[in-house]
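Chemist: Here you go, sequence then predicted model.
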Amino acid sequence: MPTLATPLPIAAGSDRIKGCCQPVARPLPAERVERLTAIHRALADPMRIQLVHILKEAAQPVCVCDFAAALPLSQPTISHHLAKLRDAGIVVSHRRGIWAFYELDPGMTAATRQAVDLVL
């Protein structure tokens, strides 16, 4: 029996992956899998969920100092979490003087938006 790590053979002259009962969906392209994985990894941390929640409720961009006042974390730790969210395409930042202000990325992909919408 093949495992998930074992590629399934393709039937000769067909697009169908061999199986025993019924055809199944073709695997997602690797690029899409990597993108979805990055989104969900970024959101798989309780503190990042808190940050996204705060940003969803904010009427304007939030200063990193305001996150530090609202959460039991140091500013460097909050900045680390925000960088993970930025790398995943969930937030964007803007500098004003010495402070960084964050907001949800208005250009996030539909898949990212769906994941963020689950944060209530």
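Modeler: Here it is on my side, so go on.
Chemist: For the most centrally placed residue in the chain, which residues are in contact?
Modeler: Per CA atoms, centre = their mean, the C-alpha nearest to the average position across the chain is that of Ile39, at 1.6 Å. Applying CB atoms under 8 Å, 6 or more residues apart in numbering, we find Ile39 in contact with Ala88, Gly89, Ile90, Ala111, Thr112, Ala115. C-beta here means a position set from N, CA and C on the backbone, and glycine is covered the same way.
Chemist: same thing but 6 Å
Modeler: Ile39 makes contact with Ala88, Thr112, Ala115, according to CB atoms under 6 Å, 6 or more residues apart in numbering.
Chemist: Need the residues you listed in CSV (columns: secondary structure and pLDDT).
Modeler: Output for the contacts of Ile39, formatted as CSV (DSSP: H, G, I helix; E, B strand; the rest coil; pLDDT from 0 to 100):
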residue, secondary structure, pLDDT
Ala88, coil, 93
Thr112, helix, 94
Ala115, helix, 93
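Chemist: Read off the pLDDT value for the residue nearest to the centre of the chain.
Modeler: Note for Ile39: predicted pLDDT of 92.
Chemist: so it is in which element?
Modeler: Element membership for Ile39, per DSSP states H and E: helix 30-43.
Chemist: Now the nearest residue to Val119 once chain neighbours are set aside: phi and psi?
Modeler: Using CB to CB, 6 or more residues apart in numbering and skipping the chain neighbours, the partner closest in space to Val119 is Val52 (4.7 Å). Phi and psi for Val52, reported as degrees, to the nearest 10, are phi -60, psi -40.
Chemist: Val52 and Thr77, how far apart?
Modeler: Distance, Val52 to Thr77, by CB to CB, to the nearest Å: 16 Å.
Chemist: Show me which of the two is the more surrounded one.
Modeler: Shown here are Val52 and Thr77; by other CB atoms under 10 Å, Val52 has more neighbours (21 against 14).
Chemist: Point out where this protein drops to low pLDDT.
Modeler: For the chain, the stretches with pLDDT under 70 are 1-18.
Chemist: show me where it has helices.
Modeler: Listed in chain order, the helices of the chain (DSSP state H) span 30-43, 46-57, 64-70, 75-87, 110-117.
Chemist: Would you mind putting those into CSV with distance to Gln22 alongside?
Modeler: Formatted as CSV, the helices of the chain follow (distance: least, CB to CB, whole Å):
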stretch, distance to Gln22
helix 30-43, 23
helix 46-57, 37
helix 64-70, 49
helix 75-87, 39
helix 110-117, 27
